[in-house]
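# Need the 3D shape of this:
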Amino acid sequence: MAGPSRCHLLVIFLLQVTSNAFATPTLEGPANLKDCERQFTEKCGIEVGNSIFNNGFLSDDCCRDLVKLGKPCHDTFLNTSLVALHPSANKAQTLAKGEQIWTECVAIDNSDKHETKPVKECLEKFPPKCGEEIEKSIYQGTVVTDACCRDLVSWGKSCHDIIAERNHDVRHPSVNKAQALASSEKLWNLCAAISRSPASPPSN
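Just a heads-up that it's a prediction; the model follows:
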């Protein structure tokens with residue numbers, strides 16, 4: 001099966017050679033499609049695609065870039081991927097997921113204007129990789145590495161709680177908040193226990 005990078009390149013190719021077939025009424029013409037592909041990085045294209053089709057993680061930075069790119073480009077990339085790369089996917093569910101991702105990204109983009117100093121300071125402490133691990137653990141039940149657990153504890157419980165609440169309100173508002181915060185508390189307790197245990201020596 002083609003890897004994500006090849007899939008993204010295929011989308012770009014299809015946008016170039018079949019623009020009339022996939023253009024949406026909100027776009028003026030093929031020139032706009034080329035503008036879309038030039039203004040969006042391959043990394044963010046992969047993140048957006050994975051978030052829609054594979055329930056993957058979409059970073060705040062790529063969300064901001066998506067909003068900057070605009071809704072017409074988002075819709076065009078989604079429709080093209082649906083037809084060319086995922087023809088067996090449920091169209092209604094996929095389009096609904098695309099709308100959900102767009103709405104969440106707009107909320108993230110808007111939140112930048114209103115976030116308090118404590119939230120901004122805590123966000124700066126969380127490197128993207130560990131932030132992704134922590135969020136996916138809370139909302140998808142995946143495992144956090146010991147290294148990220150130790151980093152989380154070093155950043156402090158107050159920051160963990162601040163970011164957990166912010167991520168729910170901005171990124172996952174449809175999830176039951178009490179359950180999300182309970183999962184966050186469970187993760188903190190697990191990481192606190194890991195941080196108290198001796199670190200494993202690096203493998204040779």
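
# Would you map the helices across the chain?
When secondary structure is read from DSSP state H, the chain shows helices at 4-17, 19-22, 30-39, 42-53, 60-69, 71-84, 91-111, 117-125, 128-140, 146-155, 157-171, 177-196.

# Mean pLDDT and mean neighbour count for these - can I get that in a markdown table?
The C-beta positions use only the backbone N, C-alpha and C, and glycine is treated the same way. Compiled in a markdown table, these are given as follows (pLDDT from 0 to 100; neighbours: other CB atoms under 10 Å):
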| stretch | mean pLDDT | mean neighbour count |
| --- | --- | --- |
| helix 4-17 | 41 | 16 |
| helix 19-22 | 36 | 14 |
| helix 30-39 | 67 | 16 |
| helix 42-53 | 90 | 20 |
| helix 60-69 | 91 | 19 |
| helix 71-84 | 86 | 20 |
| helix 91-111 | 91 | 16 |
| helix 117-125 | 84 | 13 |
| helix 128-140 | 90 | 19 |
| helix 146-155 | 94 | 18 |
| helix 157-171 | 91 | 18 |
| helix 177-196 | 95 | 15 |
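
# Residue 48 contacts residue 59, doesn't it?
No: with contact defined as CB atoms under 8 Å, residue 48 does not reach residue 59; the gap is 10.1 Å.

# give the contact list for the residue nearest the centre of the chain.
Central residue of the chain (CA atoms, centre = their mean): residue 58, 0.9 Å from the mean position. Counting by CB atoms under 8 Å, 6 or more residues apart in numbering, residue 58 makes contact with 47, 48, 50, 51, 101, 104, 105.

# Just read off the phi/psi values of it.
Main-chain dihedrals, residue 58, degrees, to the nearest 10: phi -120, psi 120.

# gap between it and residue 48?
As judged by CB to CB, to the nearest Å, residue 58 and residue 48 stand 6 Å apart.

# between the two, what contacts are shared?
Residues within reach of residue 58 and of residue 48 at once, by CB under 8 Å, 6+ apart, are residue 101.

# need the contact list for the closest residue in space to residue 44 that isn't next to it in sequence.
Closest residue to residue 44 apart from its sequence neighbours, by CB to CB, 6 or more residues apart in numbering: residue 62 at 3.8 Å. For residue 62, the contacting residues are 43, 44, 47, 48, by CB under 8 Å, 6+ apart.

# hmm, 10 Å instead?
Residue 62 is in contact with 40, 41, 43, 44, 45, 46, 47, 48, 51, 105, 108, counting by CB atoms under 10 Å, 6 or more residues apart in numbering.
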